[in-house]
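Participant: Quick one: sequence plus predicted model below, questions after.
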Amino acid sequence: MSVASRAIDAGNRIAGQSVPAASGRTFESRNPAHASEVIGVFPRSDATDVDRAVRAARDAFPAWRATPWPQRAAIILRAAEVLEANKEDLARLMTREMGKVLTEARGDVQEAIDMGKFIAGEGRRAFGETVPSELRDKWAMTMRQPFGVVGCITPWNFPIAIPSWKVFPAVMAGNTVVLKPAEDTPLCALRFAEALEEAGLPPGVLNVVFGYGEDAGAAVVEHRDVAAVYFTGSVETGRIVSETCGRLLKKCSLELGGKNAIVVL
């Protein structure tokens, strides 16, 4: 995992490979405190790129689903350790990319570290239940099963913590993921994905597509092979996500709106 201070030219992360947008379009991530500083150049993805990422996730799903829970947990724990080893560099990158003060940025990364360690523990606690039956010779039980391909759409204000809240539980449960981070913090999301790859996550289990909500985000929500959508963002956009998932009968989890007080001196 490399956290460099120079600008990077990045691709979408699909099946473990760096892939440009099919259209060739790009956008820049800039330091909000020094607008002339380009943090990186990223693909401006659309439905074609999302489809490629979803197909990679779909192809990786059978093998990942068959991977025992404790083995998945070991990978997530290693990812948390990678984040921990790079905490200071990641915090400084976060401050450069989205402007959060350094103490807050360190806390953001620590949240992801803690989330990874907690979710790794669930690898040995994913209990089912046996249920008394009303019939003779009938045995009733519950088991935890993955959905399949899950779409995760995350905001800019907690650019490593919130992806960890969504991605770690999803992959722990045996799902594969297409992550569409906010266009304001693409490099933070890329470094988060690289931590999982360094920890041994198989190609295709986590795929990252960069771009804007109206292009890439909408395509994730609407894709027929995305079984569930997890979204954090505005109430207005969340309403659209909810309506789309309802129409398509997809599972949907929404975290909407912010109440952070701001004091400008």
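Facilitator: Arrived safely, thanks for sending.
Participant: what about the chain, any weak spots by pLDDT?
Facilitator: Applying pLDDT under 70 to the chain flags residues 1-5, 260.
Participant: Tell me the buried residues in the lengthiest strand in the chain?
Facilitator: For the chain, the strand with the greatest residue count under DSSP state E is strand 34-43. Buried residues in strand 34-43, counted by 16 or more other CB atoms under 10 Å: 39-43. Where you see a C-beta, it was placed from the backbone N, CA and C, and this is true even at glycine.
Participant: just the strands in the stretch 101-250 of the chain please.
Facilitator: Secondary structure of the stretch 101-250 of the chain (DSSP state E, counting those that start in this stretch): strands at 129-131, 140-142, 149-153, 176-180, 206-208, 226-233.
Participant: Would you reformat those strands as CSV and include distance to Phe118?
Facilitator: Below are those laid out as CSV (distance: least, CB to CB, whole Å):
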stretch, distance to Phe118
strand 129-131, 22
strand 140-142, 22
strand 149-153, 18
strand 176-180, 18
strand 206-208, 18
strand 226-233, 17
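Participant: Out of these, the one nearest Arg25 is which?
Facilitator: strand 176-180 (15.4 Å; CB to CB).
Participant: rewinding a little: quick one: the strands of the stretch 101-250 of the chain as JSON lines, columns for distance to Asn12 and mean neighbour count too.
Facilitator: Formatted as JSON lines, those follow (distance: least, CB to CB, whole Å; neighbours: other CB atoms under 10 Å):
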{"stretch": "strand 129-131", "distance to Asn12": "40", "mean neighbour count": "9"}
{"stretch": "strand 140-142", "distance to Asn12": "37", "mean neighbour count": "10"}
{"stretch": "strand 149-153", "distance to Asn12": "14", "mean neighbour count": "28"}
{"stretch": "strand 176-180", "distance to Asn12": "10", "mean neighbour count": "29"}
{"stretch": "strand 206-208", "distance to Asn12": "6", "mean neighbour count": "29"}
{"stretch": "strand 226-233", "distance to Asn12": "16", "mean neighbour count": "23"}
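Participant: If we only consider the buried residues of strand 34-43, which is nearest to Phe158?
Facilitator: Distances from Phe158 to the buried residues of strand 34-43, taken by CB to CB, are shortest for Ile39, at 17.5 Å.
Participant: which one is the closest one nearest to, not counting chain neighbours?
Facilitator: Using CB to CB, 6 or more residues apart in numbering and skipping the chain neighbours, the partner closest in space to Ile39 is Ser29 (4.3 Å).
Participant: what's the answer for Leu196, then?
Facilitator: Nearest residue to Leu196, sequence neighbours excluded (CB to CB, 6+ apart): Ala79, at 4.7 Å.
Participant: likewise Glu81?
Facilitator: Nearest to Glu81 is Ala199, by CB to CB, 6+ apart, at 7.6 Å.
Participant: what do you get for Val101?
Facilitator: Val101 sits nearest to Thr95 (CB to CB, 6+ apart), 6.9 Å away.
Participant: Quick check, Met215 in contact with Thr48.
Facilitator: Just to correct that, residue 215 is Asp rather than Met. No. Asp215 lies out of contact with Thr48 (CB atoms under 8 Å); the separation is 10.0 Å.
Participant: Of the two, which one has the most company?
Facilitator: Asp215 (21 against 12; other CB atoms under 10 Å).
Participant: Contact partners for that one?
Facilitator: 44-47 (CB atoms under 8 Å, 6 or more residues apart in numbering).
Participant: Now the buried members of the residues you listed.
Facilitator: 44-46.
Participant: As a markdown table, those with distance to Ile240 would be great.
Facilitator: Shown next, in a markdown table, are the buried ones among the contacts of Asp215 (distance: CB to CB, whole Å):
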| residue | distance to Ile240 |
| --- | --- |
| Arg44 | 20 |
| Ser45 | 18 |
| Asp46 | 17 |
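Participant: Could you find the closest non-adjacent residue to Ile162?
Facilitator: Ile162's closest residue in space is Thr154 (CB to CB, 6+ apart), at 4.7 Å.
Participant: does the residue nearest to Leu196 count as helix, strand or coil?
Facilitator: helix (DSSP: H, G, I helix; E, B strand; the rest coil).
Participant: how much space is there between it and Gly233?
Facilitator: 24 Å (CB to CB, to the nearest Å).
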